[in-house]
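Asks: got a sequence here, can you build the structure:
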Amino acid sequence: MVSTPPPSEQKPAAVRSAFAGWAAAQATPRNLLLLGALLVIAVTWALGGFRSSALAAADLPRGAVGTEASASPLVATLEQGRIVDSDDELGLPDVDGSHYVLVPAMLTTTDPRPMAGLTLTRAFSSDLAGRTRFGAPAGDTDYEAGPEILQAEDAVPVSGLQPDLPQSAVLVWEQSDQAAAPAEVAVTVHGYTWRSSILSDGAAYWDRTPRVQILVPLVGARTGATS
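Replies: As a prediction, this is how the structure comes out:
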């Protein structure tokens, strides 16, 4: 005769069986991949892998205007910048309450793969206070902190860089007139690593990392300056 477990033992056994069935149903390749990604993010966070670029900037090598600064795969040569209220040649209108900080640059990538425009924009950040976009306060994401990058010859936005093809460009930041007029701007150039990632299909530029900081002197003035 087969004995029947007492009721006190039947319920826990049923719960365990139901949980085992649910767990097996969740163990799909997609869910396991997501779990692995979360574990990688947690470990990276614990080891300080997401430390702010602003914190690392204090220890960066210093570059100089007029000389090449390498932030692999990007190579950038920045020149003396200027402050303007508007610039017709670059198509920058006079925006009430703000002005522009313009930094000429020669840009190229040494990687055999092209660098997209958004990746290029995120490769630059600055210490400018009171950054704005179209007169409104700008955000603090990598993209919003980056400049608008225009081709020097025709003011068309740079859509990206091709390998070993230098691009003459102008980095454009917009700044509130309420901010103190800077005599120089510290521009940080960030590099990337081309690799695959468990978070997406295929390879791309990952690991945005500050590589070098350049103090760019600024000339010019704006009519909206405050004392």
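Asks: buried stuff in the particular helix or strand that has Thr132 in it?
Replies: In the assignment (DSSP states H and E), Thr132 maps to strand 131-133. By neighbour count on 16 or more other CB atoms under 10 Å, the buried set for strand 131-133 is Arg131, Thr132. For glycine as for every other residue, the C-beta is placed from the backbone atoms N, C-alpha and C.
Asks: quick one: it to chain centroid distance?
Replies: On the basis of CA atoms, centre = their mean, to the nearest Å, strand 131-133 sits 16 Å off its chain's mean C-alpha point.
Asks: and that strand, which strands flank it?
Replies: strand 136-137 (antiparallel), strand 167-176 (antiparallel) (DSSP bridges).
Asks: tabulate those (a markdown table), appending distance to Ser70.
Replies: Shown next, in a markdown table, are the strands paired with strand 131-133 (distance: least, CB to CB, whole Å):
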| stretch | distance to Ser70 |
| --- | --- |
| strand 136-137 | 33 |
| strand 167-176 | 16 |
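Asks: pick out the shakiest of the ones you listed, pLDDT-wise.
Replies: Across the strands paired with strand 131-133, strand 136-137 has the smallest mean pLDDT, namely a mean of 86.
Asks: need the CA coordinates for whichever helix or strand comes after it. CSV is fine.
Replies: Moving toward the C-terminus from strand 136-137, the next helix or strand (DSSP H and E) is helix 142-145. Once non-C-alpha atoms are left out, helix 142-145 reads as follows in CSV (Å, rounded to 0.1, in the frame of the first residue of the first chain):
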residue,chain,number,x,y,z
ASP,A,142,27.3,62.8,-22.3
TYR,A,143,25.6,64.1,-25.4
GLU,A,144,24.1,67.3,-23.9
ALA,A,145,27.5,68.2,-22.3
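Asks: can you pull the buried residues of whatever helix or strand comes next after helix 142-145?
Replies: The helix or strand immediately downstream of helix 142-145 is strand 148-151, counting by DSSP H and E. By neighbour count with 16+ other CB under 10 Å, strand 148-151 contains the buried residues Glu148, Ile149, Leu150.
Asks: would you mark the buried spots in the longest strand belonging to the chain?
Replies: Criterion DSSP state E: the longest strand present in the chain is strand 200-219. For strand 200-219, burial by neighbour count (16+ other CB under 10 Å) applies to Ala204, Tyr205, Arg208, Pro210, Arg211, Val212, Gln213, Ile214, Val216, Leu218.
Asks: same thing with stretch 172-180?
Replies: Buried residues in stretch 172-180 (16+ other CB under 10 Å): Val172, Trp173, Glu174, Gln175, Ser176, Asp177, Ala179.
Asks: need the pLDDT of the nearest residue to the second one once chain neighbours are set aside.
Replies: Excluding the flanking residues, the one nearest Trp173 by CB to CB, 6 or more residues apart in numbering is Val101, at 4.5 Å. Reported pLDDT at Val101 in the predicted model: 97.
Asks: check which helices and strands the strand or helix carrying Val101 sits against.
Replies: Here Val101, judged by DSSP H and E, is contained in strand 98-109. Counting contacts by 3 or more CB pairs under 8 Å, 6 or more residues apart in numbering; DSSP states H and E, strand 98-109 packs against strand 74-78, strand 81-84, strand 160-161, strand 167-176, strand 184-197.
Asks: returning to what we had before: now the buried residues of strand 148-151 as JSON lines including distance to Ser168 and pLDDT?
Replies: What follows is the buried residues of strand 148-151, written out as JSON lines (distance: CB to CB, whole Å; pLDDT from 0 to 100):
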{"residue": "Glu148", "distance to Ser168": "15", "pLDDT": "96"}
{"residue": "Ile149", "distance to Ser168": "11", "pLDDT": "98"}
{"residue": "Leu150", "distance to Ser168": "10", "pLDDT": "98"}
